[in-house]
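Colleague: coords below, sequence missing:
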């Protein structure tokens, strides 16, 4: 081979080497993996663009910094990384690399020894995967925690429902065996009434927390005097304080405090707080209700000398089903939803509620802050209320004093018909919608009290058929049902019902409606 051929061959080899070098350079800089070339003593000579993008230093900058100290600031951790890099083991190992901007890059690395005795480190960014894994672990733990709470709640619910059922059954036996003894009968009736109210409160709390969680609760706002709300809440809970010999004090600033809110829900807020204080304050303790006014808000403080709240429970006291010391709380009763309900109702009113306690045995304080109504808003709401009152229809006139009861629950229908008979009404009973319609077609009725969820023809359908009959067009239709959601109330009104009552209804309310009270 001549000199010219050798030169040509050398030129071709040099060009091939340059092309291969350029290809490797391009791969090194464009591969989506972090790469570092380093000496056996772990001094980094070069990094690729992926490393620069994730960690922050370029090849041009690494000469002036110690990447090992920058990326692994903890000496002990840095030594572990150094030993791994010097050993040049092929297996992958996870490392937390501190980036130039302070972030932590979760990564996994392997090493390759090169022919010139330098070494190549190859790293995979695991930050997002680690974040997802951590989120999944947290989610799994949250699900396990929720499952534990559910099991505890169901056990507590069974316990709380059995508590009133036991004295109710005893009261029934007393009435059965000693109904002629007036004193025994009065005692039994008082027990039934008291324990029934306990069960109603439990069920109402459960339904309310569910509706609020699903955004289904609506406030019926008006201007209300805070003092009157608190007085009613105190009166409703006074028997508990009297039974436990609690000293109850109430302090109110001079002058009325007006808030724009739902009076029923506001009373529910303070009744729950007072019930809570009565429940967890030992016999002979002190409960104080204090109202103060600051600028444009009113603050209601409910303090007690009770068992207090443990420090680990205090931050979660308004969470659903939280009850702290289960052994204590189960003994005193409750589902662990009362304070959560308070928090959600206060939020709906644009206020806030806080809990304070120095710990177990140190008592508790709950502070509810509510915005006061402005005068302009007060005038507007008052005008709206007067307009609404002006729209109320005149009481429906009675035709005949005959009431039709339609309910597939035989016991419910029988007991209600007996009660109506004692009030002087003639009563007809049907146990399905079609039978109710048939009786309505053949009798002159003053009112129909009808369940909604019945097999076959529902109460909604039966009401529509009754309203389509000219003879029943003006009859007083009362829905008596277990469904109290806004959708059910709206549908019953569209079907033609004048009133929508939720079981168990207060008999005084039903009696007033039958006597001609306007639609509620």
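Modeller: Right, received. Where do you want to start? What you see is a predicted model, and the numbers here were worked out from it, not measured in a lab.
Colleague: And the strands in the stretch 101-250 of the chain?
Modeller: For the stretch 101-250 of the chain, the strands defined by DSSP state E, counting those that start in this stretch occupy 104-113, 119-125, 222-225, 247-251.
Colleague: For these, give me JSON lines that also has mean pLDDT and distance to residue 142.
Modeller: Glycine gets a C-beta too; all of them are placed from N, C-alpha and C. Putting the strands of the stretch 101-250 of the chain into JSON lines (pLDDT from 0 to 100; distance: least, Cβ to Cβ, whole Å) gives the following:
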{"stretch": "strand 104-113", "mean pLDDT": "93", "distance to residue 142": "22"}
{"stretch": "strand 119-125", "mean pLDDT": "93", "distance to residue 142": "27"}
{"stretch": "strand 222-225", "mean pLDDT": "90", "distance to residue 142": "39"}
{"stretch": "strand 247-251", "mean pLDDT": "89", "distance to residue 142": "40"}
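Colleague: and those, which is most packed in?
Modeller: strand 119-125 (a mean of 19; mean count of other Cβ atoms under 10 Å).
Colleague: mind giving me the domain split of this structure?
Modeller: Per automatic domain parsing, the domain ranges recorded for the chain read 25-125, 142-213, 222-390, 402-514.
Colleague: doesn't residue 467 make contact with residue 473?
Modeller: Yes. Applying Cβ atoms under 8 Å as the test, residue 473 and residue 467 come out as touching, 6.1 Å apart.
Colleague: Give me the more crowded residue out of these two.
Modeller: Looking at residue 473 and residue 467 with other Cβ atoms under 10 Å, you find the greater number of neighbours at residue 467, namely 16 against 10.
Colleague: Just want the angle from the longest helix along the chain to strand 104-113.
Modeller: Assignment by DSSP state H gives helix 127-178 as the longest helix of the chain. Regarding helix 127-178 and strand 104-113, their directions subtend 130 degrees when assessed with axes from the mean of the first three to the mean of the last three Cα atoms, to 10 degrees.
Colleague: so how far is helix 127-178 from its chain's centroid?
Modeller: Between the centre of helix 127-178 and the centre of its chain there are 14 Å (Cα atoms, centre = their mean, to the nearest Å).
Colleague: Repeat that for stretch 173-185.
Modeller: Going by Cα atoms, centre = their mean, where stretch 173-185 is centred and where its chain is centred differ by 44 Å.
Colleague: Sort out which residues of it are buried, please.
Modeller: Residues of stretch 173-185 classed as buried by neighbour count (16 or more other Cβ atoms under 10 Å): 174, 175.
Colleague: cool, stretch 189-200 as well?
Modeller: Within stretch 189-200, the residues scored as buried using 16+ other Cβ under 10 Å are 191, 192, 195, 198, 199.
Colleague: which non-adjacent residue is nearest the second one?
Modeller: Distances taken as Cβ to Cβ, 6 or more residues apart in numbering place residue 171 nearest to residue 192, at 4.8 Å, with adjacent residues excluded.
Colleague: Next, count neighbours for the one you found.
Modeller: As a burial measure, the neighbour count of residue 171 was computed by other Cβ under 10 Å and equals 22.
Colleague: do the same with residue 488
Modeller: Here the neighbour count serves as a burial measure; for residue 488 (other Cβ under 10 Å) it reads 18.
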